[in-house]
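Novice: sequence and predicted structure are below.
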Amino acid sequence: MRQKRRSSGTGHSWFASLSAPMVFGLAAFLSTPTVTSHADMATMLAGSDSGDARWKTFLTASPAGSIQAAELEFADPILTASIASGAGVTLPNGDKIAFQGKIGAPDPRPDAERVTRHLKQGRVIAVAPVQPPKDFSAGTVLERQSSLLRPAADLESAMAFLKPSIKGKEIEIAKAFYASGKRESEPQVPAILASLVTNDNPDILATAYAPPAPDYAKQSPFSSVLREVPQRGRFIPPVTKDDHDWAATALPAKTFSEAEQRCLAAGIYFEARGESVKGQAAVAQVILNRVRNPTYPNTVCGVVYQNDNWRNRCQFSFACDGIKDRVRSPKHWDVAEEIALATTAGKIWLKEVGSSTHYHATYVRPPWAKRMRKVGKIGLHIFYVTYGGGWS
């Protein structure tokens, strides 16, 4: 009896010792139906757990200096656009992606034959300048450059930088780069009259003179964009408070005619050809002032030859002295014509003459001089301005 009980107890104990591990193993298998983990990242991406691919993996020796990169097959090479079993990564949305290896057959040549290292050179390349031929030929004297590329034969002559001696000249040097003072323009008159020009913008009726060049130092920078071109107009004398109001008027248009200019040149020639150029211009300004004055005729010829039928009692003595007017000096006549046009166009305006309508020589004393105001003296002529603006 005792032996049977012992044997039955032994069999029950053996079954109990095996049932517990089997139950736990079955529970673990049912709870984890997929692969628990992978040993490395390559196994997870390539899906090497399928078949016998992993246990066939082995290492091979690589030649020295090889630059061949490691490759992994992520896609199934047999089925196009398919992923190998277990390969790839599952995204959070459930999609599965995989990487595809290099398409095409690899180059079977070893690295020693495939890589061409004999074409490699250094980064610094010395370039020798190409000199022109040494022999001279006709027409190439000014094109010689060999002396610039070859060192000088005299090695004792050295070049050095010296400290400039500009002490005390700093302001003078700085002002050289900026325009200062009045802008000098072309007077468009003979050189003999250039010093008398006071106006660069002549009367628009004086067609003999070209329009003045623009003064970019005074012109607005927006003028070229907005097309603000200053219009030329009639010349108005720049009178002062001591001049009469009638002086600030333009000359009649017929004053620029050939006949009027001839009369003005005659008045300059016969009245003041012995004077300086400034003295002749002063006489011309007096004649033109009378044309502007309403008291006198409004033409140059009418002013110059006024009362010419009164013997020695006319306005200008040459017109009624009984001597026939003849031009015996063409040179002086040409100067008189240039002065006549310049004063009519307004390029010459003498402030010391102003609105004077009378003058006389220094060697005479006319009675009317006491009733007028003396304004200046140029050469042998003394100029006067009337108090009332008319005859006296």
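Specialist: The structure has been received and is ready for your questions. All of these numbers come straight from a predicted model, not from anything done at the bench.

Novice: next SSE downstream of the helix or strand of the chain with the lowest mean pLDDT?
Specialist: Each helix and strand of the chain was given a mean pLDDT (mean pLDDT, DSSP states H and E); the minimum falls on helix 146-149 at a mean of 53. Next in sequence after helix 146-149, counting helices and strands by DSSP states H and E, comes helix 170-175.

Novice: who's in contact with that following helix?
Specialist: Applying C-beta atoms under 8 Å, 6 or more residues apart in numbering, the contact partners of helix 170-175 are Ile166. C-beta coordinates here come from the backbone N, C-alpha and C atoms, glycine included.

Novice: averaged pLDDT, it. What do you get?
Specialist: On average, the pLDDT along helix 170-175 is 80.

Novice: same deal with stretch 258-266?
Specialist: For stretch 258-266, mean pLDDT is 95.

Novice: which other residues reach that stretch?
Specialist: For stretch 258-266, the external contacting residues (C-beta under 8 Å, 6+ apart) are 254-255, 284, 287-288, 299-301, 304-305, 325, 333, 336-337, 339-341, 343-344.

Novice: same check, this time on stretch 281-290
Specialist: By C-beta under 8 Å, 6+ apart, the surrounding residues in contact with stretch 281-290 are 193, 196, 247, 251, 255, 264, 267-268, 271-272, 275, 296-297, 300, 303-304, 339-340, 342-344, 348-350, 352-353, 355-359, 378-379, 381, 383.

Novice: return the set of buried residues in that stretch.
Specialist: Neighbour-count burial for stretch 281-290 flags Ala281, Ala282, Val283, Ala284, Gln285, Val286, Ile287, Leu288, Asn289, Arg290 (criterion: 16 or more other C-beta atoms under 10 Å).

Novice: distance of the fourth one from Ser356?
Specialist: Ala284 sits 12 Å away from Ser356, taking C-beta to C-beta, to the nearest Å as the criterion.

Novice: cool, and Trp310?
Specialist: Using C-beta to C-beta, Trp310 is found at 23 Å from Ser356.

Novice: okay, those two: which has more neighbours?
Specialist: Remark: of Trp310 and Ser356, Ser356 carries more neighbours, 26 against 11, as counted by other C-beta atoms under 10 Å.

Novice: residue ranges in the stretch 1-150 of the chain under the pLDDT threshold?
Specialist: Regions of the stretch 1-150 of the chain meeting the criterion pLDDT under 70 cover residues 1-16, 31-89, 96-105, 124-150.

Novice: tell me which stretches of the stretch 201-350 of the chain form helices.
Specialist: 223-226, 258-272, 277-292, 300-304, 330-345 (DSSP state H, counting those that start in this stretch).

Novice: lowest average pLDDT across those helices?
Specialist: When those are ranked by mean pLDDT, helix 223-226 comes last with a mean of 58.

Novice: what sits against the residue nearest to Asn312 when sequence neighbours are not counted?
Specialist: Distances taken as C-beta to C-beta, 6 or more residues apart in numbering place Cys320 nearest to Asn312, at 5.9 Å, with adjacent residues excluded. With contacts defined as C-beta under 8 Å, 6+ apart, Cys320 is in contact with Asn307, Asp308, Asn309, Trp310, Arg311, Asn312, Arg313, Cys314.

Novice: 7 Å - rerun?
Specialist: Asp308, Trp310, Arg311, Asn312, Arg313, Cys314 (C-beta atoms under 7 Å, 6 or more residues apart in numbering).

Novice: just the pLDDT for it.
Specialist: Residue-level confidence at Cys320 comes out at 89, pLDDT.

Novice: how near is it to Leu193?
Specialist: Taking C-beta to C-beta as the measure, Cys320 and Leu193 are separated by 30 Å.

Novice: what does Thr116 give?
Specialist: Here the criterion is C-beta to C-beta. By it, Thr116 lies 85 Å from Leu193.

Novice: higher neighbour count, the two?
Specialist: Between Thr116 and Leu193, counted using other C-beta under 10 Å, the more crowded position is Leu193 (22 against 7).

Novice: contact partners for Gln280?
Specialist: Neighbouring residues of Gln280 by C-beta under 7 Å, 6+ apart: Ile268, Ala272, Ala336, Ile339.

Novice: okay, now Lys331: neighbour count?
Specialist: Lys331 has 8 neighbours, counted by other C-beta under 10 Å.

Novice: mind listing what it touches?
Specialist: By C-beta under 7 Å, 6+ apart, the contact list for Lys331 is empty.

Novice: tell me how many other residues crowd Tyr387.
Specialist: For Tyr387, using other C-beta under 10 Å, the count is 11.

Novice: the nearest residue to it once chain neighbours are set aside bridge partners, please.
Specialist: Excluding the flanking residues, the one nearest Tyr387 by C-beta to C-beta, 6+ apart is Arg373, at 6.3 Å. Beta-bridge partners of Arg373, counted by DSSP bridges, are Val385.

Novice: confidence score at Ile166?
Specialist: Per-residue pLDDT puts Ile166 at 79.

Novice: correct me, but Arg373 touches Phe383?
Specialist: No. Between Arg373 and Phe383 there is no contact under C-beta atoms under 7 Å: 9.9 Å.

Novice: between the two, who's got more neighbours?
Specialist: Comparing Arg373 with Phe383 by other C-beta under 10 Å, the one with more neighbours is Phe383, at 25 against 12.

Novice: and that one, what does it touch?
Specialist: Ala282, Val286, Val353, Ser356, Tyr359, Val375, Gly376.

Novice: just these now: which is nearest Lys163?
Specialist: Nearest to Lys163 among the contacts of Phe383, counting by C-beta to C-beta, is Gly376 at 55.2 Å.

Novice: neighbours of Pro92, how many?
Specialist: Number of residues near Pro92 (other C-beta under 10 Å) recorded here: 5.

Novice: what's the helix or strand for it?
Specialist: Applying DSSP H and E, one finds Pro92 in no helix or strand.

Novice: which residues does it contact?
Specialist: Applying C-beta under 7 Å, 6+ apart, no residues qualify as near Pro92.

Novice: which SS class is the closest residue to His381 other than its chain neighbours?
Specialist: Leaving aside its sequence neighbours, His381 sits nearest to Tyr359 (C-beta to C-beta, 6+ apart; 4.8 Å). Under DSSP: H, G, I helix; E, B strand; the rest coil, Tyr359 falls in the strand class.
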